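[1] okay, predicted coordinates and the sequence, questions at the end:
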Amino acid sequence: MKMTTYILIGAALLAIATPAGATAKMVKQCKDAGIAEIKNCQSCHVDKKPTKEDLNEIGKWLVAQKEAKKAADYDMAWLKEYFAAKK
């Protein structure tokens, strides 16, 4: 096989192995939106290595919002609503 094939197979395996839940990008989006309560992945997940199954109250709320809004992806700005309702 050519080296390009190995690289493509490796990239595909890496994409599959990456957790499908939280990302560092999500945490950055929260910080950019001024949501100081979100500090790291454990703000929405129980474990340090997040999965779709280990959600805490905030994570479950976010999933429910995505489903209710029939959104293709999460919008971290929705969390402003969550924290406003908690005050």
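    Okay, I see it.
[2] quick check, Ile58 in a helix?
    Yes - judged by DSSP: H, G, I helix; E, B strand; the rest coil, Ile58 forms part of a helix.
[3] contacting residues around the residue lying closest to it once chain neighbours are set aside?
    Nearest residue to Ile58, sequence neighbours excluded (CB to CB, 6 or more residues apart in numbering): Cys44, at 4.8 Å. Backbone N, C-alpha and C define where each C-beta goes, glycine included. The contact partners of Cys44, by CB atoms under 8 Å, 6 or more residues apart in numbering, come to 22, 38, 50, 55-56, 58-59, 62.
[4] mind doing that once more with 10 Å?
    Taking CB atoms under 10 Å, 6 or more residues apart in numbering, we find Cys44 in contact with 21-22, 26-27, 30, 38, 50, 54-63, 74, 76, 79.
[5] same check on Phe83?
    For Phe83, counting by CB under 10 Å, 6+ apart, the contacting residues are 35-38, 58.
[6] where's Glu57 relative to Asp32, distance?
    23 Å (CB to CB, to the nearest Å).
[7] what residue ranges in the chain score low on pLDDT?
    1-22 (pLDDT under 70).
[8] helices of that one, start to end?
    For the chain, applying DSSP state H gives helices covering 3-17, 24-32, 57-68, 79-86.
[9] got the end-to-end distance for stretch 73-83?
    For stretch 73-83, the first-to-last residue distance is 20 Å (CA to CA, to the nearest Å).
[10] got the buried residues for that stretch?
    Residues of stretch 73-83 classed as buried: 74, 76, 78-79 (neighbour count, 16 or more other CB atoms under 10 Å).
[11] now do stretch 30-41
    30, 35, 38, 41.
[12] isn't the second one up against Leu79?
    Yes - at 5.1 Å, Ile35 and Leu79 qualify as touching, with contact defined as CB atoms under 10 Å.
[13] between those two, which contacts overlap?
    29, 43.
[14] list the beta-bridge partners for Leu55.
    Beta-bridge pairing for Leu55 (DSSP bridges): His45.
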